[in-house]
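>>> A predicted structure for the sequence below; I have some questions about it.
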Amino acid sequence: MEWRDKHVLVTGGSSGTGLAAAEILAGRGARVSLLARDEARLSAAHARVEGVVNGSGGRVHSATADVSDWSQMLAALDSATAEFGSVDVLLACAGYCTPRAFVEASTEELRGQVETNLMGAIHAARAVAPSMIERAGGQIVLVSSMGGIIGVYGYGGYSPSKFGVIGLAEVLRSELKPHGIGVTVLCPPNIDTPGYAREVAMEPAETARINGSAKAMSPESVAARMLRAVERNEFMVVPGTGNALMSKIKGIAPWLVQSVVDHSIARVRKEVRPDVV
């Protein structure tokens, strides 16, 4: 795919993978629309992306929106299309995790993750799909997670939402392919972002032990892999050889993955929670 002059809408564009992808795309001459709910962080991201445009011909627009709110999503899309025209590629990167044992998490915490991670992806895809169908082309990228392939201790809100994103991607792939629209679902491991640093600071010991076995990837490397998947029209992408292998094992022998996870949790409970039977 030639990125020059393509209109790419990036939700969650103020940090992490979304911001890293936006910087790459602006440097390749794309018209990039950034969406995020924090106005101050979005303004800083806009300036960063503008800073890499140089002579590429890339352009940047930004709009504040909470993707879990349908009306805000539509208003942001209207702003973006008024600036750059119809969206050619959607990168639905908005999402977050609040790791906490299920019975200790409030229903508001659980619901918030589902509304942003899953409903946010639904809203973004639903907003751009009609125009793509009219033009018989486009690409929708939904960001799930390894936590959307393997349910992780402490991810009572996050894993269900990310499993749902994979289900949404499968539905969209079959429904939109006849219209010439490609769908990609990205399932990265932990990514070294401020959001992940927040998670690490609050995650249960069991979650920390499970996550500690996998090195966090840089947002730049994940973004580069995501854009390569768009160029190749790949469907499910799991960055990292070890992660890809783990996802295959989960599909073939889920009991083996469960056994490894159970062993890690048992060790933590013996070391950190000896009072728990």
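Nice, thanks for sending it over.
>>> Please enumerate the strands of the chain.
7-11, 31-36, 59-64, 89-92, 138-143, 181-186, 236-237 (DSSP state E).
>>> Let's have those strands in a markdown table, adding mean pLDDT.
Shown next, in a markdown table, are the strands of the chain (pLDDT from 0 to 100):
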| stretch | mean pLDDT |
| --- | --- |
| strand 7-11 | 98 |
| strand 31-36 | 98 |
| strand 59-64 | 97 |
| strand 89-92 | 98 |
| strand 138-143 | 98 |
| strand 181-186 | 98 |
| strand 236-237 | 96 |
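>>> Include distance to residue 106 and mean neighbour count when you put these into JSON lines, please.
(Glycine included, C-beta is placed from N, CA and C.) Output for the strands of the chain, formatted as JSON lines (distance: least, C-beta to C-beta, whole Å; neighbours: other C-beta atoms under 10 Å):
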{"stretch": "strand 7-11", "distance to residue 106": "25", "mean neighbour count": "27"}
{"stretch": "strand 31-36", "distance to residue 106": "24", "mean neighbour count": "28"}
{"stretch": "strand 59-64", "distance to residue 106": "26", "mean neighbour count": "22"}
{"stretch": "strand 89-92", "distance to residue 106": "26", "mean neighbour count": "28"}
{"stretch": "strand 138-143", "distance to residue 106": "25", "mean neighbour count": "26"}
{"stretch": "strand 181-186", "distance to residue 106": "29", "mean neighbour count": "24"}
{"stretch": "strand 236-237", "distance to residue 106": "32", "mean neighbour count": "19"}
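>>> export those strands to JSON lines and tack on distance to residue 172?
Output for those, formatted as JSON lines (distance: least, C-beta to C-beta, whole Å):
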{"stretch": "strand 7-11", "distance to residue 172": "15"}
{"stretch": "strand 31-36", "distance to residue 172": "19"}
{"stretch": "strand 59-64", "distance to residue 172": "23"}
{"stretch": "strand 89-92", "distance to residue 172": "11"}
{"stretch": "strand 138-143", "distance to residue 172": "6"}
{"stretch": "strand 181-186", "distance to residue 172": "5"}
{"stretch": "strand 236-237", "distance to residue 172": "12"}
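>>> Can you say which of those is nearest to residue 42?
Nearest to residue 42, of all the strands of the chain, is strand 31-36, at 4.4 Å by C-beta to C-beta.
>>> mind saving the C-alpha coords of that closest one as CSV?
The C-alpha trace of strand 31-36 is given here as CSV (Å, rounded to 0.1, in the frame of the first residue of the first chain):
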residue,chain,number,x,y,z
ARG,A,31,-3.2,12.4,6.2
VAL,A,32,-3.5,11.4,9.9
SER,A,33,-6.5,12.1,12.1
LEU,A,34,-5.8,11.6,15.8
LEU,A,35,-8.6,10.8,18.2
ALA,A,36,-8.2,10.7,22.0
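>>> what is the orientation angle of that strand with strand 7-11?
Here the directions of strand 31-36 and strand 7-11 differ by 10 degrees (axes from the mean of the first three to the mean of the last three C-alpha atoms, to 10 degrees).
>>> Quick one: residues in contact with strand 31-36.
Applying C-beta atoms under 8 Å, 6 or more residues apart in numbering, the contact partners of strand 31-36 are 5-15, 18-19, 22, 25-26, 42, 45-46, 49, 58-65, 67, 73, 76, 79-80, 83-85, 87, 94.
>>> Of the residues you listed, which belong to helices?
Under the assignment DSSP state H, these contribute 18-19, 22, 25-26, 42, 45-46, 49, 73, 76, 79-80, 83-84 to helices.
>>> Which two of the residues you listed have the greatest separation?
26 and 73 (22.3 Å).
>>> any weak-confidence spans in the chain?
Within the chain, the set of residues satisfying pLDDT under 70 comprises 213-214, 273-277.
>>> Which residue would you name as the spatial centre of it?
With distances taken as C-alpha atoms, centre = their mean, residue 143 lies nearest the centre of the chain, 3.0 Å away.
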